[in-house]
Every structure is written in structure tokens, then in C-alpha cells.
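# need coordinates for the below:
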Amino acid sequence: MAENVKPRLSIGEKLKLVGVLLFVAPCKLAIVVAHVLLFAIRNNLNIRLYLLSAGVRVLLSTFTAREIQTLLPSTEEVYRAWIQRKARLTKDRALKERLQCDIQPLPEANSSILWVGNRHKARKVVLYFHGGGYVMPSQPGHFECMWNTFILSGVESDTEVAVAFLQYSLAPASKAPVQLRQAASALSEILKAGFSAKDIVIGGDSAGGNLAMQVLHHLIEPHVDACRITLDEPLSAAVLVSPWLSLDYSSPSFLEYDSSDMLSRSIMRSLGLCSWDHEEQNNSDNNSSWAEPLECRGAWIGKLNNVVEKIHITVGEREILFDQAKSMHKAIEAMKTGVQVTLESDPNAAHDFIIAEGILEQIGEATIRMKQWYKGLL
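Residues are numbered from 1 along each chain as shown. Purely as a prediction, here's the structure:
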């Protein structure tokens, strides 16, 4: 199922959804908001960001994947609405030219690239994979974040940048490796368009960070279900924002922030079961999952220097995925690949706060730090 196709709920499923919306969700929202609000006040944290985090937590813990996809607009719908609104609010004519609806179909992969910026004038490209546990469509905050961090960084550095935002298919209708196949197809098309690997950054947040690591793995050890890509030179960089890298949820950060983060262990277990075919994973050649980079480290990590020059990992110290980000940073460093790998952690942040800043339409600390990092590549 392509991502812009809504699930068809039965009458029984619709009645259940109405009941959850009317009775279960409001009660759970009140409880979670009260708990998170107290946590934020007690620790002198950004209340708006933590309340938004609480709302996403309730959505993911209350509704099934199919219900979430029914309630929320598709990634393409979000993209079209965001482009229209952003163009209307933008007075600068030069910036307006970068706000044209530009959808590039990827027919063989049953997906598409949603372009932000002018790809025909761009010298640099960011191929981006959105988060949402592979079950949620993208949010307006994703596109706002792409605009603020990459497009505006290019404008300020006098370098034309375009973002290739992948619209991938959602689980449970489409499980791994469908998203990897679509991501590889997108990268292949960007290379065919004439962009050099040294001018391309790949990245993503949460599940999108997971997909970015899968793409790097694929470039080194091609997956049989994705198109083979041969690079003449390494990609400029990969950026992983609050990446989801393992199905092991027993680390200290999971235990400490299980009740205050946007995500919880129960949510992660549910997302893992929904998104990945565990039977197929157990039958793979290395008896480990491609979708679990921390558990599928192997020799390929030692060859990362062949496909990427830099890897930048950013994570909140108050999120459950903090330890996974640290472990990936440590694993890459330990292999002494020559890849410049950096770990940036925010002591006050929970999961995916840069996207939360985008949803709130503010250029906050996470956005500013990402802009500084990306400008260093231009």
C-alpha cells in the first residue's frame, strides 16, 4: 500500500475508533499531560515541547497503526498543505520560488520524492526519511524543519540546497524491507539526475534514522530486495536524529525515561511488531535484522568510509533512545573506519525535539545546532 492510500476500516473498526476518541483518549491524555507537565516543571524543562511530546505519546499508545493512518492526513497531503501555506506566508519572492509543489514519482518502488527547494538549481541535496515508527505519516513539522535547517542554511551560505523528502509506504501494510527498497530507489534517482555523491547528505529522525543506517548498510552490502547502487565517491554525510537502532529495550535510558518521554518501551515493542517481519529476520543469512543496526554490526561498519565521509548523531539525554545513539557512536568509533562520527546530546531534550520545534514553528536550540552543523558541510 502506498502511503497516500488510507486504510479501509470495517464498521466495527470505525465504531471502536469513535469509542476510543470519545472516552479512552481524553482520559489518557489528561493523565499523561499531568505527569509530563509535572516532570517538566520539576526539572525546569521546556513545557511546550514536553506537552507536545505527551500528545504524540498518547496518540501512539492509544490508537492502532491503521487508526492513526485514518485519523491523520497522508504525507503527500501534509506536504501539499504545508507548501501552500508556507508560500502564502512568505513575502520574499526568491524564497517563494523554492516553495513549489514538486512531486517526483518512483513508479518501480511505489513511492515518490516530495521536493522542498528548487531541485533544478540545487547544488546540494538532502535525502530525508521521516520518523513515526514506520506507521505515522509525516507531520508539518518535518517540512518546517527541512526548510529551517537545510534550505535556509543554503540561502544564508549562498549555496542552493534542495531536500528530497521520501514518501515511503507505511506499516503494517508494508513491512521491512519495503522502505529500504524505496529509499534506495530515491537515492538512485538523485544520482541519475547528475548529483555527485559528495553533494548528497542522507538522514532521518527516529525510524527515519533507522532507515538512513539501513541505506548505508545497503551501499556496502547490497540487500537482495533493493536496487544496487555503486558510488564513485562517498556521500557527504549522514545525519541521525534520535535514531531507533535496536529492538533491545533494556538499557538504563529506557528504564529511566519510560514514563516521561514521547516514546515508551510498550510503544516501541508495538511499533517493532507492526513494522518488521520477525520471522523473515530470523531466517536471514546473518540471523540478525537489517532493521536493527546495533544488532547487525558485522564487518560492514568497518567499511563505512567507502560510502560516507561523516556521520552526525543528535539525541536528547532525556529520551529512551539515548543509550542506542551512544552505542552506535561508540561502535563506529571502535572500528576506526576513518569516518568522522560525532554525537551531540542535549541534556534537556526528550525524543525528536527538532521536529517538535518544527511543529511549533519555532527555530529553537535543536534547529540552530543542526543549522550550524549543516553549514559546516556547505
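# what separation do you get for the nearest residue to R123 once chain neighbours are set aside and E221?
Excluding its sequence neighbours, the residue lying closest to R123 (CB to CB, 6 or more residues apart in numbering) is E160, at 5.2 Å. Backbone N, C-alpha and C define where each C-beta goes, glycine included. Distance from E160 to E221, counting by CB to CB, to the nearest Å: 34 Å.
# swap in K16?
For K16, the distance to E221 (CB to CB) stands at 43 Å.
# can you check Q139 too?
Going from Q139 to E221 by CB to CB gives 33 Å.
# and L294, by the same measure?
16 Å.
# before we move on, what about A94?
43 Å.
# give me the more crowded residue out of those two.
E221 (14 against 8; other CB atoms under 10 Å).
# now that one: closest residue in space, sequence neighbours ignored.
Spatial nearest neighbour of E221, chain neighbours left out: W300 (5.0 Å); criterion: CB to CB, 6+ apart.
# contacts only, for that neighbour.
Residues counted as contacts of W300 (CB atoms under 8 Å, 6 or more residues apart in numbering) are H217, I220, E221.
# same question, A40
N46, I47, Y50, L51.
# any stretches of the chain with poor pLDDT?
1-4, 278-289 (pLDDT under 70).
# distance from the longest strand along it to the middle of the chain?
When the chain is parsed with DSSP state E, its longest strand is strand 308-316. Counting by CA atoms, centre = their mean, to the nearest Å, strand 308-316 is centred 13 Å from the centre of its parent chain.
# swap in stretch 295-307?
21 Å.
# cool, stretch 83-98 as well?
25 Å.
# start and end of that stretch, how far apart?
10 Å (CA to CA, to the nearest Å).
# can you list contacts of the helix or strand containing V126?
Taking DSSP states H and E as the criterion, V126 maps to strand 124-129. With contacts defined as CB under 8 Å, 6+ apart, strand 124-129 is touched by 119, 142, 146, 150, 154, 159-166, 168, 179, 183, 186-187, 190, 195, 199-204, 207-209, 211-212, 236, 377-378.
# on that earlier part again, quick check, the residue nearest to E221 in a helix?
Yes - according to DSSP: H, G, I helix; E, B strand; the rest coil, W300 belongs to a helix.
# I267 and T62 touch, don't they?
No - taking contacts as CB atoms under 8 Å, I267 lies outside contact range of T62: 10.1 Å.
# that older thread, name every strand pairing with the strand holding V126 and say which way it goes.
strand 161-167 (parallel), strand 200-205 (parallel) (DSSP bridges).
# with only the CA atoms kept, save the next helix or strand after the longest strand of the chain in CSV.
With elements assigned by DSSP H and E, the helix or strand that comes after strand 308-316 is helix 322-334. Provided in CSV are the C-alpha atoms of helix 322-334 (Å, rounded to 0.1, in the frame of the first residue of the first chain):
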residue,chain,number,x,y,z
PHE,A,322,19.7,7.9,24.3
ASP,A,323,21.7,4.7,25.0
GLN,A,324,21.1,3.4,21.5
ALA,A,325,22.6,6.6,20.0
LYS,A,326,25.6,6.4,22.3
SER,A,327,26.2,2.7,21.5
MET,A,328,26.1,3.4,17.7
HIS,A,329,28.6,6.2,18.1
LYS,A,330,30.9,4.0,20.2
ALA,A,331,30.6,1.1,17.7
ILE,A,332,31.6,3.2,14.7
GLU,A,333,34.4,4.9,16.6
ALA,A,334,35.7,1.5,17.8
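# the helix or strand following helix 322-334 - contacts with which helices or strands?
On the C-terminal side of helix 322-334, the nearest following helix or strand under DSSP H and E is strand 340-346. Using 3 or more CB pairs under 8 Å, 6 or more residues apart in numbering; DSSP states H and E, the elements in contact with strand 340-346 are strand 308-316, helix 322-334, helix 365-375.
# following element in sequence after strand 340-346, please.
helix 353-359.
# can you list contacts of that following helix?
49, 52-53, 131, 139-145, 148-149, 205, 241, 314, 316, 346, 363-364, 366-367, 370.
# between I267 and T62, what contacts are shared?
Contacts common to I267 and T62, judged by CB under 8 Å, 6+ apart, are absent.
# which positions in the helix with the most length in the chain come out as buried?
Selection of the longest helix in the chain by residue count, based on DSSP state H, yields helix 25-42. In terms of neighbour count (16 or more other CB atoms under 10 Å), helix 25-42 has its buried residues at A25, K28, L29, V32, V33, V36, F39, A40.
# residues contacting V178?
Per CB under 8 Å, 6+ apart, neighbours of V178: Y168, S169.
# ugh, wrong one, S185
S185 sits next to L106, E108, A109, S111, A226, C227 when contact means CB under 8 Å, 6+ apart.
# quick one, phi/psi of the fifth one?
Dihedral angles of A226 (phi, psi; degrees, to the nearest 10) stand at phi -120, psi 150.
# how much space between it and C274?
In terms of CB to CB, A226 sits 21 Å off from C274.
# and the two? which has more neighbours close in?
A226 (24 against 17).
# ok, now how distant is that one from Q214?
A226 is 9 Å from Q214, by CB to CB.
# who touches both of these two?
Common neighbours of A226 and Q214, using CB under 8 Å, 6+ apart, are P177, L180, A183.
# any idea which of the residues you listed has the most stuff around it?
A183 (27 neighbours).
# so it, which state does it fall into?
A183 ends up helix, using three-state DSSP.
# if I look at it, how far off is G376?
25 Å.
# test my guess that I151 contacts R98.
Yes - at 6.1 Å, I151 and R98 qualify as touching, with contact defined as CB under 8 Å.
# between the two, which contacts overlap?
V116, G117.
# that older thread, and the shared contacts of A226 and Q214 as JSON lines, adding distance to D261?
Output for the shared contacts of A226 and Q214, formatted as JSON lines (distance: CB to CB, whole Å):
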{"residue": "P177", "distance to D261": "28"}
{"residue": "L180", "distance to D261": "26"}
{"residue": "A183", "distance to D261": "26"}
